[in-house]
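>>> got a sequence here, can you model it:
(one chain, ligands or ions: 1)
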Amino acid sequence: MQIMKTEFNIAVFPGDGIGPEVVAEAIKILKIIESKLGLKITLNEAPVGGAGYEATGHPLPDATLDIAKKADGVLLGAVGGPKWETIDFSLRPERALLGLRSSLGLYANLRPARIFPALVDASTLKREVVEGLDLLVVRELTGGIYFGEPRGVGTNDKGERHGFNTLVYSEPEIKRIAKIAFDVARKRNSKVCSVDKANVLEATGFWREVVTGLHSQYSDIELSHMYVDNCAMQLVRNPKQFDVILTTNMFGDILSDEASMLTGSIGMLPSASLGEKYAMYEPIHGSAPDIAGKELANPLATILSVGMLFKYSLEKEEPNVWIEKAVEKVLGQGVRTADLMSDGMKQVGTKEMGDLVAAELEKMN
Ligand code: NAD
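Numbers count the residues shown, from 1 in each chain. Below you'll find the model as predicted:
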């Protein structure tokens, strides 16, 4: 008989700007679930980003990385701010994100874009286009043109200055990200759309070939292929045709931002970055220095990230469902943070939003 694990270590990296504010609300939610499920979750907090730089002179202190490596999952707020915009590039807060992704081998970025019924009218698209939208972008995160070699700025054979990057994907890199997409599709609506530019780029023609090959092991999943330019268009024309979108690092970077805007506010979207051994969960937004410390930040993206942490790292499915339901209930009561405000709604601050979701969660069994 398999013994269910009940004790976990979670690394908590609040970071900068609104990071600590939204993470504090997410921790409230995590603690409620801990007690509901009778778990023992140890939280290890450490500075990262600008906070890491202030504490140690480096945005990703060794001790912080060490805590991440010993954890069952990392919960991150956000990093960055004007205070650190003039320091050396290698020490900027944002370097901590790249450092965490590469040191932890986080090659798969999962970004769900789901519209809550109460927020349908907050989208810039028409109600009928977005109502019921629930898609997931699976983006390759540690390969492709952002990392390929050779890269740089130099001089070509004609003596002209030029800039160049390399788009390269190995078969194992493609297989492991495609496997994640097929596996998560099995827990959703069993559809994967692999997005490439196979008509122009050999590397993504190869991507298509490898994804198609792996699909033979997933006959229960419907696989389709789409060129990235068409996908960009289909996301605003008919986004509900998608279940899981599987794509490369650069295409995923762009398409996942486009998909996120279908749902209303950047303050609503969680994400998970997964590797073989480690995983990190964070809202997709940044540190929002313009609203930091003003009780204006929407904590829901970070709260929803906690749901993903339970689902993917702690192998507990229910908390994610409970959290989504609690958020839906609160929004259904007409309560909004400033970023979601519209006529007739009641505005609340960061803490109050966290408390309201916590209260709904407490009521569930
Ligand atoms: P941002 O996401 O921080 O903010 C963009 C806009 O959205 C701002 O108007 C902000 O007030 C608003 N916003 C963001 N999150 C919100 C929330 N939870 N609730 C309500 N409103 C919210 O992006 P930016 O302004 O381009 O960047 C600010 C800083 O964050 C920069 O230093 C940037 O490098 C950094 N950044 C960090 C991450 C990360 O940590 N993952 C991601 C993006 C940007």
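>>> Ile10 contacts Lys40, correct?
No. At 11.1 Å, Ile10 does not count as touching Lys40 under the criterion of CB atoms under 8 Å. C-beta: built from backbone N, CA, C; applies to glycine.
>>> those two - which one has more neighbours?
Ile10 (23 against 10; other CB atoms under 10 Å).
>>> what about the more buried one, distance to the ligand?
Taking CB to the nearest ligand atom, to the nearest Å as the measure, Ile10 falls 18 Å from the ligand.
>>> look up phi and psi at that residue.
Dihedral pair for Ile10: phi -120, psi 130, per degrees, to the nearest 10.
>>> residues contacting Ser273?
Arg101, Leu106, Ala108, Asn109, Leu110, Leu141, Ala279, Met280, Tyr281, Glu282 (CB atoms under 8 Å, 6 or more residues apart in numbering).
>>> give me the subset of the residues you listed touching the ligand.
Restricting the contacts of Ser273 to those touching the ligand (CB under 6 Å from any ligand atom) yields Glu282.
>>> closest to Glu131 out of the contacts of Ser273?
Glu131 has its nearest neighbour among the contacts of Ser273 in Leu110, at 23.0 Å by CB to CB.
>>> now the closest one. Nearest residue, chain neighbours left out?
Ala272 (4.5 Å; CB to CB, 6 or more residues apart in numbering).
>>> burial measure for that neighbour, as a count.
24.
>>> tell me the strands beside the host helix or strand of it, with direction?
Secondary structure assigned from DSSP states H and E places Ala272 in strand 270-274. Sheet pairing for strand 270-274, assigned by DSSP bridges, gives strand 108-114 (antiparallel), strand 279-283 (antiparallel).
>>> picking that back up, what residues are bridge-paired with the residue nearest to Leu110?
Leu110, Tyr281.
>>> and it, what does it touch?
For Ala272, the contact set (CB under 8 Å, 6+ apart) comprises Asn109, Leu110, Ala279, Met280, Tyr281, Ser305, Met308, Leu309, Tyr312.
>>> change it to 7 Å
Residues counted as contacts of Ala272 (CB atoms under 7 Å, 6 or more residues apart in numbering) are Leu110, Ala279, Tyr281, Met308, Tyr312.
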